[in-house]
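[1] Just to be clear, the model below is a prediction. Sequence and coordinates:
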Amino acid sequence: MALVHSGVIENYIQRVTELSQSTQRIPTTAELEAIASELGIEPEEIQAAQKQAADHFTRAQGYMRLGYWDDAIAELDDAIAFNPGESKFLLSSAEAYLGKWKQHHRAPDADQMHLRVRQCLSLEPGCEGALDLLAEFRRRQKRYFRTIVGSLMFAGAILCGGGIYLLSQGGLPFVIEEKARLENLQSTIEAQNDTIAQLMGEQEALRREFDTLISQQLQENRLNGDRLENLQARLKALEEKIKEYQTPSMGTPTPTPPQSQENDD
């Protein structure tokens, strides 16, 4: 039996995940079969794909140990899509969303954590792991709110105290003038930075041009050097030829000058 295309499986996972989030409950077997039938997936093919859920769960555990919450959530979503009735998958998903919430303190992550906890408790009403996650979330949420409120109160006290002091000392106009001066100074610095950036760009262009000229000069010097060596070699060869013609051969006798003969009278 040929397995269905991976894109069809991804569509199935997406549909099951969307159904689970929109209904705030675990999809029923009939709903899962309806989605599979609509996408043209046979029950045998779903069963074959379900065997991969354990691999998704194993990978998710590794991501969670390293704090890669988004990757862990993606793996767990795939595992839950094929086994929505597996409580350990739901519990791990809730734990991953809690870990992500502790990093960024975003409301959607807290909502997804509560959804997974409710789904887990619907399967196992007395699941201690799910209840522990709720308790941990409540403790951390209270601590986070106390930190935020304390920070706001401290900042407000400083601002109020500073404002009262400035008003009592007549220093508020000075603060306004100082702020305007700082804004002008910042504008001047930004303009100088723009000028510096422009000059650095011109400097870089000149440097590239200089490097190009140096490279061309070196190449021309190499060519001239080759020409000079060639001329020197030719000149040396001509000198050798001239020496050959100027030096008499050892095998040729040297002619003797003719002797004068006296006539006998």
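    Perfect, I can see it now. Values in this document were obtained by computation on a predicted structure and should not be read as measured data.

[2] now the helices for the stretch 151-265 of the chain?
    Assigned by DSSP state H, counting those that start in this stretch, the stretch 151-265 of the chain shows helices spanning 172-246.

[3] how about low-confidence regions in it?
    For the stretch 151-265 of the chain, the stretches with pLDDT under 70 are 154-157, 159-178, 248-265.

[4] try 80
    Within the stretch 151-265 of the chain, the segments meeting pLDDT under 80 span 151-179, 181, 185, 192, 201, 206-207, 210-211, 213, 215, 247-265.

[5] And residue 21, how close does it get to residue 79?
    Remark: distance between residue 21 and residue 79 (CB to CB, to the nearest Å) = 16 Å. Every C-beta, even on glycine, is put in place using the N, C-alpha and C of the backbone.

[6] So for those two, which residue has more residues nearby?
    residue 79 (26 against 13; other CB atoms under 10 Å).

[7] Convert the one helix or strand that one maps to to CSV, retaining C-alpha atoms only.
    In this structure, residue 79 sits in helix 69-82 according to DSSP states H and E. Output of helix 69-82 as CSV, limited to C-alpha atoms (Å, rounded to 0.1, in the frame of the first residue of the first chain):
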residue,chain,number,x,y,z
TRP,A,69,9.6,25.6,23.1
ASP,A,70,8.4,26.4,19.6
ASP,A,71,10.0,23.4,18.1
ALA,A,72,8.7,21.2,21.0
ILE,A,73,5.2,22.5,20.5
ALA,A,74,5.3,21.8,16.8
GLU,A,75,6.4,18.2,17.3
LEU,A,76,3.7,17.7,20.0
ASP,A,77,1.0,19.1,17.8
ASP,A,78,1.9,16.5,15.2
ALA,A,79,1.8,13.8,17.8
ILE,A,80,-1.5,14.9,19.2
ALA,A,81,-3.1,15.1,15.8
PHE,A,82,-2.7,11.3,15.3
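
[8] Which of the residues in it are classified as buried?
    Within helix 69-82, the residues scored as buried using 16 or more other CB atoms under 10 Å are 69, 71-82.

[9] Counting by contacts, list what it packs against.
    In terms of contacts (3 or more CB pairs under 8 Å, 6 or more residues apart in numbering; DSSP states H and E), helix 69-82 is packed against helix 6-23, helix 43-50, helix 53-66, helix 87-104.

[10] Just the angle for that helix relative to helix 53-66, thanks.
    Counting by axes from the mean of the first three to the mean of the last three CA atoms, to 10 degrees, helix 69-82 lies at 160 degrees to helix 53-66.

[11] chain center to helix 69-82, what's the gap?
    23 Å (CA atoms, centre = their mean, to the nearest Å).

[12] Contacts only, for the nearest residue to residue 136 once chain neighbours are set aside.
    Nearest residue to residue 136 in three dimensions, chain neighbours excluded: residue 98, at 6.9 Å (CB to CB, 6 or more residues apart in numbering). Shown in contact with residue 98 (CB atoms under 8 Å, 6 or more residues apart in numbering): 109, 113, 133, 136, 137.

[13] again, 7 Å this time
    Neighbouring residues of residue 98 by CB atoms under 7 Å, 6 or more residues apart in numbering: 113, 133, 136, 137.

[14] one step back: just the buried residues of helix 69-82 now: which is nearest residue 51?
    Distance to residue 51 across the buried residues of helix 69-82 (CB to CB) is lowest for residue 82, with 8.7 Å.

[15] how much space is there between the closest one and residue 116?
    16 Å.

[16] For the closest residue to residue 105 other than its chain neighbours, the count of nearby residues, please.
    Sequence neighbours aside, residue 144 is the residue nearest to residue 105 in space, at 6.0 Å (criterion: CB to CB, 6+ apart). By the criterion of other CB under 10 Å, residue 144 has 13 neighbours.

[17] again with residue 133
    Burial of residue 133 is recorded as 21 neighbouring residues (other CB under 10 Å).
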